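Asks: My questions are about this predicted structure, shown below with the sequence.
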Amino acid sequence: MEEQQDFVKEVTKMSDDFDRWYTEVVRKAEMADWSGVRGMMVVRPYGWAMWEAIMRAFDDMIKESGHENWAFPLLIPREFLMKEAEHIEGFAPEVAWVTKAGGRMEELEDPLAIRPTSETIIGAIIRRYIQSYRDLPKLTNQWNSVVRWEMRSRLFLRSREFWWQEGHTFHASAKEAIEEADLILRYYRSIAEDWLAVPVLAGKKSPAETFPGAVHTLTIEGLMRDGLALQMRTSHYFGQNFANAYDISFSNRENERELCHSTSWGMSTRLVGAVVMGHGDDSGLIVPPKVAPIQVAVVPIFRDDAGRSKVEAFIDGWAPQLKAAGIRFRVDWRDERPGDKYAHWELKGVPLRLNVGGRDADAGQVEMVDRLTREKVAVPVAGIAARLSAELEGFQKKLFERALKFQRDNTFELETLDEVIAHYREKGGFVWASWCGDTDEEARIKTESGGVTIRVIDEETKPSGKCLVCGEPAKFRVALAKAY
RNA sequence: CGGGCGGUAGCUUAGCUCGGAAAAGCGCCUGGUUUGGGACCAGGAGACCGGAGGUUCAAAUCCUCUCCGCCCGACCA
């Protein structure tokens, strides 16, 4: 982490206490808050706007590849939930149930689960709409919120209710379903890297970390600035497990009944937390331009009414160009002093700030300040929209490169469990190692290291040498990390 | 869900040990002077002290229960 001057004074320094820093930034940047009901989050406009940008980007991607949005019910009958044994076993501890309803709080005959995810109800319903191979693939998605009864919560990262999209697709062949899960993982990677500027490791989860009921789970894992990994979403291939449990079948060309192959995949408001933790600094947020609710903050500077009129007229001269260029900007006319406004927009992580005073008006220029480098440069107003667009693009790129450098500087290659344990006593980051594939040994890594887990299996690269735990020939190359 | 700590104005807290008219700073509102990195003066609004019950002539303060938050752990696909 770079040295920073104390530009913003109202947040705990990241280096002093990362967790406190995180909570203070999220709240003081007006992104989210607690609601008074335990674990239930309020997402405020500044945080929600980032989520909206993510939603739009992802929604465009999946529409392009033929997915359709649906709305399935919030409440799930118990018998629907119970059908896939592994799935329900995995989710049982965090399901909330509606057991009473109505003015007299009458006990329901059959309790209804509040969806923790919708595989079960979609499976139970979608079978109606799938009869022939001609109905396949069925590519569904829904934007909604789900409830998981978590015991410990953090804003955006883990709350009892969170907002996400859940995609559920049904295919005629295993190959097609596997390709679907791969495709979605590529989309997720693009959201993380191209939109949020957070570089990720992509790969397969170990069997112990695989989604309940899935054949395999794919994941993207980002590295936060405190050195902990964050699972930034997953994509699952179910084989025929759900199709079997819910009898989702179709007639093939030969008029034989076959079970569908299915997938599911989800991406949540947790990503907003990844933006905070992946880019922030001691002064607060740094928001990637592509998802920034405000990309450019304009701070007018003047002494008196005459000065104000002059600056206002000057800004009015070129602001419409920014609007026309689709730049999300705000002119800060609040009755505050410039220094307050600087700190305010820095805390909120607005990529570019324009300081505009009488001297600038005379010179036909503005002072542009970069939130990342804090460099100040004079920018002529002639051609300002094109210049700012280019600067924002450059900012997005710089932010990604900085995060990529951070990730590389914090990625290591080790051979034995002892080395891994010693490493995580000192620092964080990713550690690549080789593993034989034994689940008990995987559990040993976690217990003996104090929480280090296998985050990703890299299937592209052959493992070198021996398993870090048992020393037998390795089958997998894996990335280890402590994670959120 | 266990262990520890906390909840008093929008925020941060003092007051609680030892019961006896609810305070401060910041923020907010009004007016004025100000404004290129965080101003100042004057006036003002704002709190049933998280909630319920109890002890007492009297409770922010003592007791019980409960809700919410923070830290640690378990759990977290």
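Replies: Arrived safely. Residues are numbered from 1 along each chain as shown, chains lettered A, B, ... in the order given.

Asks: Quickly list what A:K100 is bridged to.
Replies: Beta-bridge partners for A:K100, by DSSP bridges, are A:E107.

Asks: wait, what's in contact with it?
Replies: By CB atoms under 8 Å, 6 or more residues apart in numbering, A:K100 lies in contact with A:E106, A:E107, A:L108. Glycine gets a C-beta too; all of them are placed from N, C-alpha and C.

Asks: Surely the second one is in contact with A:W97?
Replies: No - here A:E107 does not reach A:W97: they are 11.6 Å apart, not a contact under CB atoms under 8 Å.

Asks: Compare neighbour counts for the two and give me the winner.
Replies: For A:E107 and A:W97, the more surrounded residue by other CB atoms under 10 Å is A:W97, and the numbers stand at 15 against 10.

Asks: send the alpha carbons of the helix or strand harbouring that one over as PDB?
Replies: Secondary structure assignment for A:W97, by DSSP states H and E: strand A:96-101. In PDB, the C-alpha atoms belonging to strand A:96-101 read as follows (Å, rounded to 0.1, in the frame of the first residue of the first chain):
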ATOM      1  CA  ALA A  96     -35.400 -19.100   7.400                       C
ATOM      2  CA  TRP A  97     -39.000 -20.400   7.500                       C
ATOM      3  CA  VAL A  98     -42.400 -18.800   7.500                       C
ATOM      4  CA  THR A  99     -44.400 -20.800  10.000                       C
ATOM      5  CA  LYS A 100     -47.200 -18.300  10.900                       C
ATOM      6  CA  ALA A 101     -49.300 -15.900   8.800                       C
END
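
Asks: Out of the contacts of A:K100, which is nearest to A:L468?
Replies: Closest approach to A:L468 among the contacts of A:K100 (CB to CB): A:L108, at 50.8 Å.

Asks: The stretch 1-150 of chain A: helices as residue ranges?
Replies: Using DSSP state H, counting those that start in this stretch, the helices assigned to the stretch 1-150 of chain A run over residues A:18-28, A:45-64, A:78-81, A:85-91, A:119-126.

Asks: Which one of those lies nearest to RNA strand B?
Replies: The closest of the helices of the stretch 1-150 of chain A to RNA strand B is helix A:85-91. By CB to the nearest atom of the strand, the value is 2.5 Å.

Asks: re the thing from before, any part of the strand holding A:W97 near RNA strand B?
Replies: No - counting by CB under 7 Å from any atom of the strand, RNA strand B is not contacted by strand A:96-101; separation bottoms out at 12.1 Å.

Asks: hmm, back to that, tell me which of the contacts of A:K100 is nearest to RNA strand B?
Replies: For the contacts of A:K100, the nearest to RNA strand B is A:E107 (19.6 Å; CB to the nearest atom of the strand).

Asks: And the closest one, how close does it get to A:M151?
Replies: Remark: distance between A:E107 and A:M151 (CB to CB, to the nearest Å) = 26 Å.

Asks: now swap in A:W48 and tell me
Replies: According to CB to CB, A:W48 stands 26 Å off from A:M151.

Asks: which of those two has more neighbours?
Replies: A:W48 (18 against 10).

Asks: mind checking pLDDT for that one?
Replies: The model reports A:W48 with a pLDDT of 96.

Asks: cool, and A:E3?
Replies: 35.

Asks: Repeat that for A:E375.
Replies: 95.

Asks: so it touches A:V369, yeah?
Replies: Yes - assessed by CB under 8 Å, A:E375 is found in contact with A:V369 at 7.3 Å.

Asks: Mind listing the shared neighbours of the two?
Replies: With CB under 8 Å, 6+ apart, A:E375 and A:V369 have no common neighbours.

Asks: In terms of neighbours, single out the busier of these two.
Replies: A:V369 (21 against 8).

Asks: and A:H87, how many neighbours?
Replies: The number of residues near A:H87, taken as other CB under 10 Å, comes to 23.

Asks: count of neighbours near A:E460?
Replies: Residue neighbour count, defined by other CB under 10 Å, stands at 7 for A:E460.

Asks: separation between it and RNA strand B?
Replies: The gap separating A:E460 from RNA strand B is 23 Å, by CB to the nearest atom of the strand, to the nearest Å.

Asks: Same question for A:E312.
Replies: Taking CB to the nearest atom of the strand, one finds A:E312 at 13 Å from RNA strand B.

Asks: Check what pLDDT that residue gets.
Replies: For A:E312, pLDDT reads 95.

Asks: pLDDT wise, what is the closest residue in space to it that isn't next to it in sequence at?
Replies: In space, and not counting its chain neighbours, A:E312 is closest to A:P300: 7.0 Å by CB to CB, 6 or more residues apart in numbering. pLDDT for A:P300: 96.

Asks: hang on, isn't A:P300 packed against A:A313?
Replies: No - between A:P300 and A:A313 there is no contact under CB under 8 Å: 10.9 Å.

Asks: so who does the residue in the stretch 351-484 of chain A that RNA strand B sits nearest to touch?
Replies: For the stretch 351-484 of chain A and RNA strand B, the shortest gap (CB to the nearest atom of the strand) falls at A:G357, measuring 2.2 Å. Counting by CB under 8 Å, 6+ apart, A:G357 touches A:P300, A:I301, A:F302, A:V311.

Asks: likewise A:V25?
Replies: Applying CB under 8 Å, 6+ apart, we find A:V25 in contact with A:V11, A:M31, A:V276, A:G280, A:G284, A:L285, A:L347.

Asks: Over to A:F314?
Replies: A:V356, A:D360, A:A361, A:V381.
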